[in-house]
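1. predicted model and sequence below, questions to follow.
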Amino acid sequence: MVTKTFETGGKQATLYQSEENNSPLILLNYYSGEGASVIQAMRAMDAPDCSLLVVSNLSWDHDMAPWYCPPITENDTPCTGGADDYLKLLLTKILPEAKSMLHGSPRYIGIAGYSLAGLFALYAMYRCDAFDRVASMSGSLWFPEFREYVLTHEMEKSPDKLYLSLGDKEAKTRNAFLKTVQDNTEQIVSHYRQLGLDVTWELNPGNHFKDAALRSAKGIKAILG
């Protein structure tokens, strides 16, 4: 697997390029940019072949947030709603450059993300038709009004496969925002199933910060399957 790195719009992108022609392309927005650990986990679980595009150096609470959200803890910062601008950068700059480096054309393109990036992955379905498969791992679906948004809006393109996961301890908190995450996620999963979509829903052991690379790999493998 060849690794290529490029920068555009202030973001860093690392393409883990499949040697196969026309392999699927999965975009992973990742907080740390440590895509190698996700690749390693995917290999360990014999995930199907793909090219993985990892985008990092993100303004996390801006680029991944669909709209404004106040700080959810005393020492937190607000989310400032830059998802639409970042999605435009993805579609016009980052994805085209990555696709130009591939062997052939990807059979399909997926988007995946952990935490706020998992929220962004779902949001992208309602704002563009670029992604065929979507994985949201420990997605921040506690985000104010996001569940209502999902229930009242139509996707630009229905995905072939959807994967959502959560840690089984993530909702066990007194925080008024975070304690809604499992209920919201399960309601969104139920809504997607009622729409007839192919949805995989999984509870993993642990809190929000446990096994992020492993959980990301599991989600990507699920939508590649």
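-> Happy to help now that I have it. Computed from a predicted structure; not experimentally measured. Numbers count the residues shown, from 1 in each chain.
2. and the helix or strand harbouring Gln40, what other elements does it pack with?
-> Here Gln40 sits within helix 35-44, counting by DSSP states H and E. Using 3 or more Cβ pairs under 8 Å, 6 or more residues apart in numbering; DSSP states H and E as the contact criterion, the elements in contact with helix 35-44 are strand 11-17, strand 51-56, helix 212-224. Placement of C-beta: from N, CA and C, glycine included.
3. between those, which gets nearest to Asn175?
-> Of all the helices and strands packed on helix 35-44, it is helix 212-224 that lies closest to Asn175, at 19.4 Å by Cβ to Cβ.
4. secondary structure class for the residue lying farthest from the centre of the chain?
-> Seen from the C-alpha centroid of the chain, the residue lying at the greatest distance (Cα atoms, centre = their mean) is Glu74, 26.7 Å away. Here Glu74 takes the coil state, with states given by DSSP: H, G, I helix; E, B strand; the rest coil.
5. and it, what pLDDT?
-> According to the prediction, Glu74 has pLDDT 89.
6. measure it to Ser165 for me?
-> Here Glu74 is placed at a distance of 29 Å from Ser165 (Cβ to Cβ, to the nearest Å).
7. Leu119 is in what secondary structure piece?
-> Assigned by DSSP H and E, Leu119 falls in helix 116-127.
8. what angle sits between that helix and strand 51-56?
-> Orientation of helix 116-127 against strand 51-56 (axes from the mean of the first three to the mean of the last three Cα atoms, to 10 degrees) gives an angle of 110 degrees.
9. what are the buried residues along helix 116-127?
-> Of all the residues in helix 116-127, those buried under the rule 16 or more other Cβ atoms under 10 Å are 116-125, 127.
10. kindly report the same for stretch 38-45.
-> So for stretch 38-45, counting by 16+ other Cβ under 10 Å, buried means 38-39, 41-42.
11. just stretch 182-194 next, same as before
-> 182, 184-186, 188-189, 192.
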